[in-house]
Each structure stands twice: as C-alpha cells, then as structure tokens.
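Trainee: I would like to see how this sequence folds:
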Amino acid sequence: MPKAKGKTRRQKFGYNINRKRLNRNARRKAAPRIQCSHIRHAWDHTKSVRQNLAEMGLAMDPNKAVPVRKRKVKAMEVDVEERPKELVRKPYVLNDLEAEASLPEKKGNTLSRDLIEYVHHMVENYGEDYKAMARDEKNYYQDTPKQIRNKINVYKRFYPEEWQAFLDSLQTKPWDFSEYQ
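Mentor: Okay, here's the model as predicted:
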C-alpha cells in the first residue's frame, strides 16, 4: 500500500557511520572478479595484491622476479645484499596451476556441418571431377575447382577416419578414388 501523504521522513546525515570503511567495502565489492578459480579461492581480501601473489608463489612484476644481470666487468667483488625470499604459504595454488597447464590442449578447430555436407555431396556426385563440381548448383559461393579441391583436402585432414569410412561407403560407385587415399 502507498504511504500516507506527509508521513515520509527526510533523510538525515548519519554522523555515526564510518564513511572510509563504507567506501572501502564498496570498492572491494566492485573490484573485478578474478577469473582463475584457483587464485580466486585462495585470495585474501584483507591483503594487497602483492602480498596475495607472494603467498601463492606468484610474481606481481616479472621484471623483478627474474632480474636481468648486467654484463659489466667489475674490478673487485662486492657483497651483494640479497633480500629475504618471501614465504610461500599457499603452494597448492601454484601446484594446481602447473597441473592445469600441463594438461593437453583441446582440439578446438572443427568444420561446419554445412561444409561437411557440401564435400559429401560433391564427392558423391562427381568423384574427382572438380570442374563439374564448380558448375554444380550447390556451389553457392561459386568456388573455383582449386578451391573445392582445397576444401576436400581440409576435410580429409580434419577427419581422416570419417573420410575413410565415407570412401568405403562409396566403393560401389564407378569412380576411381585412388587420389584420395
């Protein structure tokens, strides 16, 4: 139900609210989402980015992580002060990232169903006659004979088992398929 007219109070400034903390929390909530799940689950919002990455064994600045040595001939050897290494408190993050990186890459490139059907149609009807394929009515993109031959070769390269099965199903046809094998 709507409120009665004149019963709403005007907003007064909240003096007892810590604006600094309110803004910090708002910024933290609006921070970008970390896409890597391993890092996101190990992230501590009370620490800085450098501290978080150091605890995980990761480097914030690759230039400082792997210093480039200068090739100067020094007259006398000077003791170089090394800063202490940061302690890796969350090594499981680094181990998970290494395990994920060592997995074999998925083969993501495939051919469209339209191209596969196009190749099947052309080879079924014309065999090796690429000039006749170029004149076919299903040659919508007006491919030249060489372009059609290249499409067939791409199909053979992507799906060798499927291509061989297709050729075996066409053995009853009178064309010579020795070029394809």
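Trainee: how near is the residue sitting furthest away from the middle of the chain to K47?
Mentor: Within the chain, the residue lying farthest from the chain centre (C-alpha atoms, centre = their mean) is G6, at 57.7 Å. Using C-beta to C-beta, to the nearest Å, G6 is found at 51 Å from K47. Backbone N, C-alpha and C define where each C-beta goes, glycine included.
Trainee: and for E162?
Mentor: 53 Å.
Trainee: in which helix or strand would I find H121?
Mentor: helix 113-126 (DSSP states H and E).
Trainee: by contact count, what packs against that helix?
Mentor: Applying 3 or more C-beta pairs under 8 Å, 6 or more residues apart in numbering; DSSP states H and E, we find helix 113-126 packed against helix 130-134, helix 145-158.
Trainee: again, only using 10 Å
Mentor: Helix 113-126 sits against helix 130-134, helix 145-158, helix 160-169, with contacts defined as 3 or more C-beta pairs under 10 Å, 6 or more residues apart in numbering; DSSP states H and E.
Trainee: can you list the domains in the chain?
Mentor: The record's domain split for the chain, according to the TED database, is 19-63+85-101, 113-172.
Trainee: relative to P2, which of those is closest?
Mentor: domain 19-63+85-101 (30.7 Å; C-beta to C-beta).
Trainee: got the contact list for L94?
Mentor: H38, A42, M56, G57, L58, V88 (C-beta atoms under 10 Å, 6 or more residues apart in numbering).
Trainee: tell me which two in the residues you listed are the farthest apart.
Mentor: Using C-beta to C-beta, the contacts of L94 reach their maximum pairwise distance at H38 and V88, which is 14.2 Å.
Trainee: the two: which has the busier surroundings?
Mentor: Neighbour count, other C-beta atoms under 10 Å: between H38 and V88, H38 has more, with 18 against 14.
Trainee: where does that one sit: helix, strand or coil?
Mentor: helix (DSSP: H, G, I helix; E, B strand; the rest coil).
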